[in-house]
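Enquirer: fold the following, please.
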Amino acid sequence: MKKAILVLLIINALFTQSNAQEILPIDTSTWDFQGRGYVIEEFKGKKAVYLIGAMALKDTKFLNGTIEYDIFLKEERCYPGVYFRLAEEKNGEQFFMRLHLSGLEDATQAAPLVNNLTPWQLMFGKRYSFPYTFNYNGWTHVKVVVNGKKAQVYLDYATTPQLSWDLTMPVEAGDILLRGGRVTGLHIADIKIDPSATEIKDFNPIKREPLEGLVPSWEVSDMFEEKLLEDPSNLQSVIEARKWGRSVTVEEGTAANISKVQDLYNGEPGETVFAKITIQSDKDQIKLFEFGYSDRVVTILNGKAIYRGTNFWRSRDYRYLGTVGLFDGVYLDLKKGKNTLLLAVSESFGGWLVTGRIKDMDGIRIK
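Expert: Sure thing, here's the model as predicted:
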């Protein structure tokens, strides 16, 4: 009997030790702490890090598996979350929360990171977000499961996923980075990474109805400074100075993501590109061009500026998101033969995007 009890005690000890080893140490040998600062301390019964900024897991590449951690939330404007399959800290996938939007439709967000830009103005709505009422008085458990091109999130030990979404970046192993507070810190604890836990359950991502008749792709110029567009008499020289050779195609049935081919944060001056299409017209005629963009645009037909607009986050009211759709329009005075349509699209954050269509294609062709 004593031997049996001893065996059980040993098994229990080994099991406890195994579980304990699943929790990653919170120290500088395991994590690269980035941002404004951190404090490792005991908090609400857990060994935690009080984090302002981010922390990257050292010496580990993540492809598939489960990422779990506990976080103590605050009711303030900040965006804690997790990046995974991160390459050079500029491309990857992510899930994060908007702590000031508790209970609202966009309280949470899944989105790729593309050249340091998060295109949430393209990845919006129920396909990439779900409402959640945050707990500001206790620990919140976050669990993200990744397998191939699929991902799911479970908050607070939910038994079914609250969000399932299709991943859009290449399926390649990369870094894991946790993001904490923005102005003040947030406590993070009990971090676990399990590459063997890859089961995706009840995968049923929300589908989005594509916009019909969109221009499928746009040719994109090199980057230049938006201020060059302020003088209309200088417009032709700005156009002639551009370099071409890159193109972007429509994603999500909604818009083309310019950040796929241009890096806004590459250290070079500029936040603007031309997105170009060529319209071949059988005769002189007027066509309605419906379009969308993010964040600002100047529309130019055959070298002449015909429209200027702003679709920036909070540019129209305090809750205006600047999401992209066919919300603007301009009548194009087309000449017989070749017509060049340029959209000078400028970006700050949230998605560098362009889209458009001409519903009445009678007598015209678009390259």
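Enquirer: could I get the full set of strands for the stretch 1-150 of the chain?
Expert: Secondary structure of the stretch 1-150 of the chain (DSSP state E, counting those that start in this stretch): strands located at 31-43, 46-57, 65-72, 81-87, 91-97, 108-113, 139-147, 150-155.
Enquirer: relative to residue 245, which of those strands is closest?
Expert: Across the strands of the stretch 1-150 of the chain, residue 245 has its closest neighbour in strand 91-97 (20.9 Å, CB to CB). Where C-beta positions appear, they are placed from N, C-alpha and C, glycine not excepted.
Enquirer: name the helices or strands packed onto the closest one?
Expert: strand 81-87, strand 108-113, strand 139-147, strand 150-155 (3 or more CB pairs under 8 Å, 6 or more residues apart in numbering; DSSP states H and E).
Enquirer: with just CA atoms, put it into CSV.
Expert: Only the C-alpha atoms of strand 91-97 are listed here, as CSV (Å, rounded to 0.1, in the frame of the first residue of the first chain):
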residue,chain,number,x,y,z
ASN,A,91,4.8,40.9,-41.6
GLY,A,92,2.7,38.3,-39.9
GLU,A,93,-0.7,37.6,-38.3
GLN,A,94,-2.3,39.0,-35.2
PHE,A,95,-5.3,39.2,-32.8
PHE,A,96,-5.9,42.1,-30.5
MET,A,97,-8.5,43.8,-28.4
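Enquirer: identify all contacting residues around that strand.
Expert: 73, 79-86, 107-115, 118, 132, 134, 142, 144, 146, 151, 153, 163, 167-169, 174-175, 179 (CB atoms under 8 Å, 6 or more residues apart in numbering).
Enquirer: circling back to that earlier point, which one of the strands of the stretch 1-150 of the chain lies nearest to residue 315?
Expert: strand 108-113 (19.8 Å).
Enquirer: could you check the angle strand 81-87 makes with that closest one?
Expert: 20 degrees (axes from the mean of the first three to the mean of the last three CA atoms, to 10 degrees).
Enquirer: buried residues in strand 108-113?
Expert: Residues of strand 108-113 classed as buried: 108, 109, 110, 111, 112, 113 (neighbour count, 16 or more other CB atoms under 10 Å).
Enquirer: I'd say the last one and residue 86 touch.
Expert: Yes: Residue 113 is within contact range of residue 86, at 7.2 Å (criterion: CB atoms under 8 Å).
Enquirer: can I get the strands of the stretch 1-150 of the chain in a markdown table including distance to residue 274 and mean pLDDT?
Expert: Below are the strands of the stretch 1-150 of the chain laid out as a markdown table (distance: least, CB to CB, whole Å; pLDDT from 0 to 100):
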| stretch | distance to residue 274 | mean pLDDT |
| --- | --- | --- |
| strand 31-43 | 35 | 95 |
| strand 46-57 | 34 | 98 |
| strand 65-72 | 40 | 98 |
| strand 81-87 | 28 | 98 |
| strand 91-97 | 24 | 98 |
| strand 108-113 | 24 | 98 |
| strand 139-147 | 37 | 98 |
| strand 150-155 | 34 | 98 |
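Enquirer: columns distance to residue 300 on top of those, output as TSV?
Expert: Below are the strands of the stretch 1-150 of the chain laid out as TSV (distance: least, CB to CB, whole Å):
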stretch	distance to residue 300
strand 31-43	41
strand 46-57	40
strand 65-72	46
strand 81-87	35
strand 91-97	31
strand 108-113	30
strand 139-147	43
strand 150-155	40
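Enquirer: for residue 356, which of those is the nearest?
Expert: So among the strands of the stretch 1-150 of the chain, strand 108-113 is nearest, using CB to CB, at 22.6 Å.
Enquirer: that closest one pairs with which strands, parallel or anti?
Expert: strand 91-97 (antiparallel) (DSSP bridges).
Enquirer: just want the angle from the strand it pairs with to strand 139-147.
Expert: Going by the same axes, to 10 degrees, strand 91-97 makes 150 degrees with strand 139-147.
Enquirer: how far out from the middle of the chain is strand 91-97?
Expert: From the chain centre to the centre of strand 91-97 is a distance of 6 Å (CA atoms, centre = their mean, to the nearest Å).
Enquirer: ok, back up a step: pick the one among the buried residues of strand 108-113 closest to residue 320.
Expert: residue 109 (16.8 Å).
Enquirer: in the sheet, who's paired with that closest one?
Expert: Beta-bridge partners of residue 109, as defined by DSSP bridges: residue 96.
Enquirer: I'd say it and residue 128 touch.
Expert: Yes: taking CB under 8 Å as the definition, residue 109 is a contact partner of residue 128 at 6.3 Å.
Enquirer: need the contact list for the residue minimising distance to the centre of the chain.
Expert: Per CA atoms, centre = their mean, the C-alpha nearest to the average position across the chain is that of residue 118, at 3.0 Å. For residue 118, the contact set (CB under 8 Å, 6+ apart) comprises 94, 111, 112, 349, 350, 351.
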